[in-house]
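Q: kindly generate the corresponding structure for this input.
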Amino acid sequence: MRIGELAKKLGINPKTLRYWEEIGLLPSPLRNSSGYRVYTEEHLKLCEFILKAKSVGFKLEEIREIISLRFSGRTPCGCVEERIREKIEEIDRLIEELRSQRKLLESLLRERREVPASVCPIIESIG
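A: Purely as a prediction, here's the structure:
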């Protein structure tokens, strides 16, 4: 299948496929006599994997590492589990930061201070 067909099946822009190829995430397909890229079912499966990994927060570099392990003949599941644990920890940190920020914002609304300020006493009262 050609790049447009593959992109349509995946619901992405053909430029994305070219970019993945350019950064080595997706192996370059063979080209036909006219010079058009010819993608296989393996390309489709790999692209589906990439999209699924992205959908749960994996970055392209992490995905490249996972794919590289697989193509080198090793099972990448241990690496994936480790990355998932790291992502859960990061989400937990972000949730705590957001809760803290929310509390601060709520207190700013509750405790409006009328103090001299150069712009806005609400924000300038943050200490």
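Q: quick one: the strands in the chain?
A: 30-31, 37-38 (DSSP state E).
Q: export those strands as a markdown table, with columns for mean pLDDT, distance to Leu69 and mean neighbour count.
A: Where you see a C-beta, it was placed from the backbone N, CA and C, and this is true even at glycine. Output for those, formatted as a markdown table (pLDDT from 0 to 100; distance: least, CB to CB, whole Å; neighbours: other CB atoms under 10 Å):
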| stretch | mean pLDDT | distance to Leu69 | mean neighbour count |
| --- | --- | --- | --- |
| strand 30-31 | 91 | 24 | 10 |
| strand 37-38 | 93 | 25 | 16 |
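Q: could I get those as JSON lines with distance to Glu5?
A: Formatted as JSON lines, these follow (distance: least, CB to CB, whole Å):
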{"stretch": "strand 30-31", "distance to Glu5": "15"}
{"stretch": "strand 37-38", "distance to Glu5": "10"}
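Q: what lies in contact with the worst-scoring helix or strand of the chain on mean pLDDT?
A: Of all helical and strand segments in the chain, the minimum by mean pLDDT, DSSP states H and E falls on helix 121-124, at a mean of 84. Applying CB atoms under 8 Å, 6 or more residues apart in numbering, the external contacts of helix 121-124 come out as Leu108, Arg112, Arg113, Glu114, Val115, Ala117, Ser118.
Q: possible to save the residues you listed as TSV with neighbour count?
A: TSV is the format used below for the contacts of helix 121-124 (neighbours: other CB atoms under 10 Å):
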residue	neighbour count
Leu108	14
Arg112	10
Arg113	10
Glu114	8
Val115	9
Ala117	12
Ser118	6
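Q: which of those residues sits closest to Pro14?
A: Closest to Pro14 out of the contacts of helix 121-124 is Leu108 (47.4 Å), distances taken as CB to CB.
Q: no more questions from me, cheers.
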